[in-house]
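*Asks:* Sequence isn't available, so here's the structure alone:
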């Protein structure tokens, strides 16, 4: 996003950066000839963070949003590629997203008025009803969260960001057992399944991590005790596990007598053992534990063990 503005981007003029996320950049832009131009928003994929899967996901989003037209969706009117960069062009919604409003209410210790909250909920329900019933796309948004809900200064409520949406148009398919979305907005059990599944997948994909941990334990944690940075890297993980667990207890779907740190240790132990001992187990019990089928079965078993352990 660095550089001088305004600057030309095909038939658009990028006026200033607005936001930057994990995969995309958002710009305030102008479209049209001089004197007849209008403000709009350009969403581009971040080149240095792009790979084939992310680029395909971006193109899948463009295919979906260009087909949709509803009062509670942000209108998208153009998409394509300019100088090797993929983009989506959308109408500008003059207002704030729900996260900004929510955070301001927290800072000022005020509540969102009940009638406003009901209005927002009703309008988003209308958007989802349209999206999920549109044609034969079997479309599911999968990322309804405050940052993706826009409130205009004129009272409009609009849903945006179909980057994680599922539909029959998608070429970049979600692997079995993988859940897209935000853990904070998933039901507690589904969020737990997501966290455990991610841990299994990460450790399988990063055997060097297992070797580093084993080596550090052989040295009785000599080096990690000297690095506050490495220690702090584990704090967000504990917070995520604790948040999901506490929400599950409050909802009555998890038993209330489990220490979140112990839960994290149990998840890590199952996933760690799964990688560290697969070759010795395979040799002893004459089983191939590296096949896709065996890996998927073991992944599901680990998830089920943790979920059933927490059920009341």
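*Replies:* It's in. Remember, it's a predicted structure, so these values are computed and weren't measured experimentally.
*Asks:* For the rest of this, base every contact and every neighbour count on C-alpha atoms.
*Replies:* Fine.
*Asks:* low pLDDT regions in this structure?
*Replies:* The model of the chain has pLDDT under 70 over residues 1-2, 21-23, 34-36, 47-54, 163-185.
*Asks:* Show me where this protein has its strands.
*Replies:* Ranges of strands within the chain are 7-9, 12-20, 24-31, 38-45, 76-82, 85-91, 95-97, 149-152, 157-159, based on DSSP state E.
*Asks:* Would you mind giving these as JSON lines with distance to residue 198 and mean neighbour count added?
*Replies:* JSON lines is the format used below for these (distance: least, CA to CA, whole Å; neighbours: other CA atoms under 10 Å):
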{"stretch": "strand 7-9", "distance to residue 198": "38", "mean neighbour count": "13"}
{"stretch": "strand 12-20", "distance to residue 198": "24", "mean neighbour count": "17"}
{"stretch": "strand 24-31", "distance to residue 198": "22", "mean neighbour count": "21"}
{"stretch": "strand 38-45", "distance to residue 198": "24", "mean neighbour count": "21"}
{"stretch": "strand 76-82", "distance to residue 198": "32", "mean neighbour count": "16"}
{"stretch": "strand 85-91", "distance to residue 198": "29", "mean neighbour count": "20"}
{"stretch": "strand 95-97", "distance to residue 198": "29", "mean neighbour count": "16"}
{"stretch": "strand 149-152", "distance to residue 198": "27", "mean neighbour count": "20"}
{"stretch": "strand 157-159", "distance to residue 198": "27", "mean neighbour count": "25"}
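*Asks:* Nearest to residue 258 among those strands would be which one?
*Replies:* Proximity to residue 258 (CA to CA) singles out strand 149-152 among these, at 35.1 Å.
*Asks:* re earlier: dump the strands of the chain to TSV, plus distance to residue 63.
*Replies:* Putting the strands of the chain into TSV (distance: least, CA to CA, whole Å) gives the following:
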stretch	distance to residue 63
strand 7-9	21
strand 12-20	20
strand 24-31	16
strand 38-45	14
strand 76-82	9
strand 85-91	10
strand 95-97	24
strand 149-152	21
strand 157-159	17
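*Asks:* Go through these and name the closest to residue 187.
*Replies:* Of all the strands of the chain, strand 149-152 comes closest under CA to CA, at 19.3 Å.
*Asks:* Could you chop the protein up by domain?
*Replies:* 7-91, 95-159, 183-310 (automatic domain parsing).
*Asks:* Can you say which of those is packed in most?
*Replies:* Mean neighbours per residue, mean count of other CA atoms under 10 Å, is largest over those for domain 7-91, with a mean of 17.
*Asks:* who's in contact with residue 230?
*Replies:* Listed by CA atoms under 8 Å, 6 or more residues apart in numbering, the contact partners of residue 230 are residue 224.
*Asks:* Please report how far it lies from residue 221.
*Replies:* 12 Å (CA to CA, to the nearest Å).
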